[in-house]
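Q: Build me a model from this:
(2 chains)
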Amino acid sequence: MIYLDNAATSFPKPAGCLERALERYLQLGASPGRGGYDLAVEAEDAVSAVRRKLCRFFGAPEDYRVCFTYNATDALNLLIQGLLKRGDHVVSSRLEHNSVLRPLHHLRKQGRITFDLVSFSPHGFVEPEQVAAAIKPTTKLVILTHASNVLGTVQPVKEIAAVCRARGVPLVLDASQSAGAVPIRMKEWAVQGIAFTGHKSLLGPTGIGGVLIGPELDPDPIRFGGTGIDSKSLYHVREYPYRLEAGTINLLGILGLDNTLNYVDQTREASFQHEMSLLEKLRDGLMKLSRVRLYCVGDLRNHLPLLTCTLDGHRSDDVGAILDGDFGIAVRAGLHCSPLVHQDLGSLERGAVRFSLGPFTTEAEIEETVKAMTAIAR
Amino acid sequence: MKTGVPGSQEGKVGGRCKRTIEGREVVFDEEGFFDDFEDWSEEIFETLAQESGLSPVTEQHRQVVRFLREFYAYNGRAPLNNQLRKGIGLSLLELEALFPGGLKHGARRLAGLPNPKTCN
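A: Take a look at the predicted model:
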């Protein structure tokens, strides 16, 4: 099979990283921070080391708080629901995934918040001036995707963060697609919070993600329960990381992430260049097909190794099924959980086909993919 | 859904559409997929096929629909893409061309299989 759905989850994974994590888990698998015996303390130490590693990886000082979650959606819900109070206004964009759109819409439906969604340019970028124009005196948060999961465009975060800082509004990034693919510099860019997942470009297992929070943000917990500390209290603890981590954390996922973070750190730059070079080949191949319409790939600078297209005369879900059934190529067809992007592209009705490359994608696979699309578009 | 089909009556139920076709009341979802697999009949298929622009309905169309229904009835799910290709002896590209609505909105819908509702 040719796997081109890495934006959904990376596959294959670097097997050695996960095998070593499992071995370690089998030796260390006590509940971190839930006991005074040595094994539990050692497990807690291992988890703390990963928290520090994540700070370094995302360019955050060690006083930034790292809390583990199930995935980026979970992390975004913690931030959105934990930070916003009744009457607050939020600025976000039409590029967002449902992991941001749905929490915002639910909170608005409950009468708790209002929000404005900034449009994106014809090239797929949110412009800092538009964000500035949308900020109101009641705006308490700007939350944006770092990179679009449909278009692959990497947003000008540094410039947007400068606008937010000037207006005194914290910026939170949804780094689902960008974490592990492109560098993130939280402190340098003055980004106050990020939500990430471990299983995409960080190449880790599913079920592990997290938030990094700067000192200016203090989200209320939205889940309550056991933390292993202050058990006498009937209320959830205020201290980080326990504040946002109710219940036993995913130690196996954290150990897996620990190893893949090292792997990504060592391979990211070369891997990204490899993937972008293949993306260019894929784009050039598809551009020759008159019935294929590509979106926002004219300039591949500030871009992730993914592209989205539609094929005139075909529904995207059928194209996805044909690529899979006839050619053994796995892609993502449909709306990619980002309906507003498709509404703006005009692909809401028939969806679009997304090809997302990974570190293990080969040139031969891209050639096969272009051949397959040529046959379908004939 | 197309309207004005002789002998059919229509009514909206929430986001769904209730119609009487060939003397049988059938509920469709917002995309025209059968609500209940058991509501399908060959006569209803012929009517819906005609509405979708499939004319004439050939034995090849009927074979595809039979395969889909038998697979679903036996396995409780639609065939995987690979199973569909092998089961009908056609490439999915050929199958897509065989039905005006294509694979999902054509063959699958007309065979009375439920709407897969994948990422749309």
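
Q: residue at max distance from the center of chain A?
A: A:Lys232 (37.0 Å; Cα atoms, centre = their mean).

Q: okay, and for chain B, where does confidence drop off?
A: By pLDDT under 70, the low-scoring segments of chain B are B:1-14, B:119-120.

Q: Tell me where chain A has helices.
A: A:15-28, A:38-57, A:72-83, A:98-109, A:128-134, A:157-167, A:186-189, A:251-287, A:316-327, A:339-345, A:363-377 (DSSP state H).

Q: Mind giving me the packing neighbours of the longest one?
A: In this case it means helix A:251-287. helix A:15-28, helix A:38-57, strand A:292-294, strand A:306-311, helix A:363-377 (3 or more Cβ pairs under 8 Å, 6 or more residues apart in numbering or on different chains; DSSP states H and E). For every residue, glycine as well, the C-beta is placed using N, CA and C.

Q: May I see the buried residues of that helix?
A: Buried residues in helix A:251-287, counted by 16 or more other Cβ atoms under 10 Å in any protein chain shown: A:251-261, A:263-264, A:268, A:271-272, A:274-276, A:278-280, A:282-283, A:285-286.

Q: unless I'm mixing things up, B:Leu92 is touching B:Gly102, no?
A: No - between B:Leu92 and B:Gly102 there is no contact under Cβ atoms under 8 Å: 9.7 Å.

Q: any shared contact partners between these two?
A: A:Asp318 (Cβ atoms under 8 Å, 6 or more residues apart in numbering or on different chains).

Q: B:Ile44 is nearest to which of the helices of chain A?
A: In terms of Cβ to Cβ, the element of those nearest to B:Ile44 is helix A:316-327, at 23.1 Å.

Q: distance between that closest one and the chain's centre?
A: 26 Å (Cα atoms, centre = their mean, to the nearest Å).

Q: can you check stretch A:54-61 too?
A: 16 Å.

Q: For that stretch, C-alpha coordinates in PDB please.
A: C-alpha atoms of stretch A:54-61 as PDB (Å, rounded to 0.1, in the frame of the first residue of the first chain):
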ATOM      1  CA  LEU A  54       8.800  19.200  25.200                       C
ATOM      2  CA  CYS A  55       9.600  22.600  26.500                       C
ATOM      3  CA  ARG A  56      13.000  22.500  24.700                       C
ATOM      4  CA  PHE A  57      11.400  21.100  21.500                       C
ATOM      5  CA  PHE A  58       8.800  23.900  21.300                       C
ATOM      6  CA  GLY A  59      11.200  26.600  22.200                       C
ATOM      7  CA  ALA A  60       9.600  27.300  25.600                       C
ATOM      8  CA  PRO A  61      11.300  28.100  28.900                       C
END
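
Q: List the buried residues for it?
A: Neighbour-count burial for stretch A:54-61 [16+ other Cβ under 10 Å]: A:54-55, A:57-60.

Q: What parts of chain B come near chain A?
A: With Cβ under 8 Å from any Cβ of the partner chain as the criterion, chain B comes near chain A at residues B:80-82, B:84-85, B:91-93, B:96, B:102-105, B:118-120.

Q: May I see the ChimeraX selection of the buried members of those?
A: Buried subset of these, written as a ChimeraX selection, criterion 16+ other Cβ under 10 Å:
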select /B:81,84,85,92,93,96,102,103,104,105,119,120
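
Q: So which of the residues of chain B next to chain A are in helices?
A: Short answer: the residues of chain B next to chain A in helices (DSSP H) are B:81-82, B:84-85, B:92-93, B:96.

Q: Identify the farthest-apart pair in those residues.
A: B:Asn82 and B:Glu96 (15.3 Å).

Q: The helices of chain A: which one's closest to A:Tyr295?
A: Per Cβ to Cβ, nearest to A:Tyr295 of the helices of chain A: helix A:339-345, 5.8 Å.

Q: For the closest one, name the packing helices and strands.
A: helix A:98-109.

Q: Mean confidence (pLDDT) on the helix it packs on, please.
A: Mean pLDDT, computed over helix A:98-109, is 98.

Q: most tightly surrounded among the helices and strands packed on helix A:251-287?
A: strand A:306-311 (a mean of 26; mean count of other Cβ atoms under 10 Å in any protein chain shown).

Q: Run me through the strand neighbours of it, direction for each.
A: Strand A:306-311 pairs in its sheet with strand A:292-294 (antiparallel), strand A:352-356 (antiparallel), by DSSP bridges.

Q: Mind jotting down where the strands sit in chain B?
A: For chain B, applying DSSP state E gives strands covering B:9-13, B:16-21, B:24-28.

Q: Using PDB, write out every CA atom in the last one.
A: Taking only C-alpha atoms (Å, rounded to 0.1, in the frame of the first residue of the first chain), the coordinates of strand B:24-28 have been written out as PDB:
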ATOM      1  CA  ARG B  24     -44.200   1.200   0.000                       C
ATOM      2  CA  GLU B  25     -43.300   4.000   2.500                       C
ATOM      3  CA  VAL B  26     -39.600   4.600   2.500                       C
ATOM      4  CA  VAL B  27     -37.500   7.000   4.600                       C
ATOM      5  CA  PHE B  28     -34.400   8.400   3.100                       C
END
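
Q: ok, and what's touching that strand?
A: For strand B:24-28, using Cβ under 8 Å, 6+ apart, the contacting residues are B:1, B:13, B:16-20, B:34-36, B:39, B:41, B:44.

Q: Stretch A:72-85 now?
A: Against stretch A:72-85 from outside (Cβ under 8 Å, 6+ apart): A:67, A:69, A:90, A:99-100, A:103-104, A:107, A:112-113, A:140-141, A:143, A:172, A:174-176, A:193, A:195-197, A:209-211, A:213, A:217, A:219-222, A:244.

Q: And that stretch, how far out from the chain middle?
A: With Cα atoms, centre = their mean, you get 14 Å for stretch A:72-85.

Q: Ok, stretch A:143-157 next?
A: 9 Å.

Q: quick one: terminal-to-terminal distance for that stretch?
A: 11 Å (Cα to Cα, to the nearest Å).

Q: Please see if it touches chain B.
A: No - against chain B, stretch A:143-157 shows no contacts by Cβ under 8 Å from any Cβ, the least distance being 11.5 Å.

Q: pLDDT of that stretch, averaged?
A: 98.

Q: Please apply the same query to stretch A:2-18.
A: 98.

Q: what's in contact with it?
A: A:149, A:177, A:199-206, A:256, A:259-260, A:262-263, A:304-306, A:327-332, A:354-361, A:365, A:368-369.

Q: Can you flag the buried ones in those residues?
A: A:149, A:177, A:199-205, A:256, A:259-260, A:263, A:304-306, A:327, A:329-332, A:354-361, A:365, A:369.

Q: quick one on the thing from earlier: could I get the contacts of strand B:24-28 as TSV with neighbour count?
A: Output for the contacts of strand B:24-28, formatted as TSV (neighbours: other Cβ atoms under 10 Å in any protein chain shown):
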residue	neighbour count
B:Met1	13
B:Val13	10
B:Arg16	13
B:Cys17	18
B:Lys18	15
B:Arg19	19
B:Thr20	13
B:Phe34	21
B:Asp35	16
B:Asp36	11
B:Asp39	15
B:Ser41	15
B:Ile44	20
